[in-house]
Structures are given as structure tokens and as C-alpha cells.
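Chemist: The sequence and its predicted three-dimensional model are supplied below.
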Amino acid sequence: MILSAIPKTLRIWVIVISFALLSAAAMQDPSAKQTGPDEQKGWPDPLLPKVSFVFDHAEITPSHFEIVVDSLGKGSYSSRSDPGGDSSRTASLSTEAAKGEDLGVTFTLSSSTNDRIFALAKSTNYFDGNFDYTKSKIAFTGKKTLSYIDSKHATSATFNWSENAAIEELGTIFLGISSTLETGARLQHLIHHDKLGLNAELSKLEQSTQNRQMREIYLIADVLQRIASDSSVMMVARRRAERLLQHSGGGRP
């Protein structure tokens, strides 16, 4: 829906400033855990066109996350978990290591994925419209909001599930990126605190990658390489890490 209550020029600058403040706040947040191979490569440029995705679901971990990517592929990710959520379900979706931890990371997407994101956004007229399915009641899978901002647009759409294939594909891409980055954070924790747990986590990562629930595995190539080359890690886990590295294309966007 277009934020038409504000004059167009002012609206665009307000959102540009908001994106900049969001990135600055995430960088300065001392509670955010920084991980990932590309965290020193910079945050999305507030002056470039950007697509963002926000997810909220109180009963899963993370209960909230935000992804912003600019037209050059630079992205930021931040997540947090609600300590008051359904603990039994949380335990089934995340390791104890990751519960309650905030995550903040920057990354660079491959050009093919980033081009696809912006092409899909364009195909929906930059999220100008109502894309939420309301014909009948369906299961709640999370509140999802896609937004687009450039010098001519400031638009967003919120949905649970959509009949629009482009909207659903974008949701799948961003959910997959979140899953990959969250898994990378869990692997980092296990390296330091429970190396015997690495094989089980890597096994789940392999399965999820085959099912395409995980996306852009190269974003966690550094931690996979660290596991693969660590002689103190079980050989079966090291072999899994090597296979995942091969699947990721060597970690290069």
C-alpha cells in the first residue's frame, strides 16, 4: 500500500532517512552479535534503491527479523527472539545456544540473486497493492512485509500468504537467507562450546539445503571452511562442511 497521507517528496526522504537510521542503530547496538564472512563489507547504501523484508511470528525463533538489500547487493540482517514465546516450539526450531540471542550481520548477495529480487519487485509494481490472500481463512505462517524505496517510490505490502507468485518467491528467498544466517550463528556457537554438536547441525543444514529451505549458503562459507579445516572436529562433520562449501560455490557471490 502507498503511504499517501504524506506528500510524495517528503515521504520518500522520510523513508530514506529511516533506512539510514535503521542501519546506523544496528551497527551501534552493543547487544547485537556480529557474525558472517562479509560483515566488514559495509551496510546498504541509503541513497540506492532498496528492498526490505520484515518478518514477525511470536511462536518461533527468531520471532522478528529484518533484511535490507540495496541494488548493488549489499545487505543487512538483524533478528531477535521474544523470550515470552512458546518455549516448547522454540526448542524444536533452534538450538539452546541460539535462544534469546540477537543477531546482526551485513553481507553481499550474488548478482544473480540480487537481480532476481529487484526484478520480482518490479514485476509487482514495487509492492503497490494488496497482495494478502483474504478469500478464506488459512494458517498463519508469520506477518511478512515487503518494502521498496528509491527516488520515485516508497511502497510496501504486508501479507501472510499471497496468490501472487512473485510475492511468494520473494518471501521464500528472504526466509531462506534468514535460515542460513541463523544457522551460521549456531555453528559459530557450537565451534566454541560444543564441537560434538556440529555434525547434527550440519546434517540439518544439508537436508534443508536440498529442500531449498536454506538459501545463499555462501554467506556462511567462512564458518564452514573453519569447520572443514579443524582437525579437532569429527571427520564426518568436516566432510559435511566440505560438501556444503562445494554446494555454495566456494563462498563467492
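Modeler: Cool, the structure landed.
Chemist: Contacts only, for the spatially most central residue of the chain.
Modeler: The structure's the chain has its C-alpha centroid closest to Ser178; by CA atoms, centre = their mean the separation is 3.0 Å. Ser178 makes contact with 55, 62, 65, 67, 77, 79 under the criterion CB atoms under 8 Å, 6 or more residues apart in numbering. C-beta: built from backbone N, CA, C; applies to glycine.
Chemist: 6 Å instead, please
Modeler: Phe65 (CB atoms under 6 Å, 6 or more residues apart in numbering).
Chemist: Doesn't it lie inside a helix?
Modeler: Yes - using DSSP: H, G, I helix; E, B strand; the rest coil, the assignment for Ser178 is a helix.
Chemist: Quick check: pLDDT value at it.
Modeler: Note on Ser178: pLDDT of 97.
Chemist: Please report the distance of it from Thr172.
Modeler: 11 Å (CB to CB, to the nearest Å).
Chemist: With Ser111 instead?
Modeler: 19 Å.
Chemist: residues near Thr172, how many?
Modeler: Neighbour count for Thr172, taken as other CB atoms under 10 Å: 13.
Chemist: Please compute how far the helix or strand harbouring it lies from its chain's middle.
Modeler: In this assignment (DSSP states H and E), Thr172 forms part of helix 165-193. How far helix 165-193 lies from its chain's middle: 6 Å, per CA atoms, centre = their mean, to the nearest Å.
Chemist: Packing partners of the helix or strand following it?
Modeler: Next helix or strand after helix 165-193 toward the C-terminus (DSSP H and E): helix 198-210. When contacts are defined as 3 or more CB pairs under 6 Å, 6 or more residues apart in numbering; DSSP states H and E, helix 198-210 sits against helix 165-193, helix 235-248.
Chemist: quick one: buried residues of helix 198-210?
Modeler: Buried residues in helix 198-210, defined by neighbour count with 16 or more other CB atoms under 10 Å: 198-199, 201-202, 205-206, 208-209.
Chemist: And that helix, how far out from the chain middle?
Modeler: Between the centre of helix 198-210 and the centre of its chain there are 18 Å (CA atoms, centre = their mean).
Chemist: ok, residues contacting it?
Modeler: By CB under 6 Å, 6+ apart, helix 198-210 touches 183, 186, 190, 214, 233-234, 236-237, 240.
Chemist: Report the buried members of those residues.
Modeler: Buried residues within the contacts of helix 198-210, counting neighbours by 16+ other CB under 10 Å: 183, 186, 190, 214, 233, 237, 240.
Chemist: ok, those residues vs Lys144, which is closest?
Modeler: Using CB to CB, Met214 comes nearest to Lys144 of these, at 17.9 Å.
Chemist: buried stuff in stretch 223-236?
Modeler: So, applying 16+ other CB under 10 Å, buried residues of stretch 223-236: 223-225, 227-228, 233.
Chemist: average model confidence for it?
Modeler: 98.
Chemist: what comes into contact with that stretch?
Modeler: Counting by CB under 6 Å, 6+ apart, 184, 187-188, 195, 198-199, 238, 241-242, 244-245 sit against stretch 223-236.
Chemist: again, 10 Å this time
Modeler: 35-37, 183-188, 190-191, 195-196, 198-199, 201-203, 205, 217-218, 237-248, 250-251 (CB atoms under 10 Å, 6 or more residues apart in numbering).
Chemist: Any figure for the gap between Ser81 and His57?
Modeler: From Ser81 over to His57 (counting by CB to CB), the distance is 11 Å.
Chemist: Any stretches of the stretch 151-253 of the chain with poor pLDDT?
Modeler: Scanning the stretch 151-253 of the chain for pLDDT under 70 picks out 250-253.
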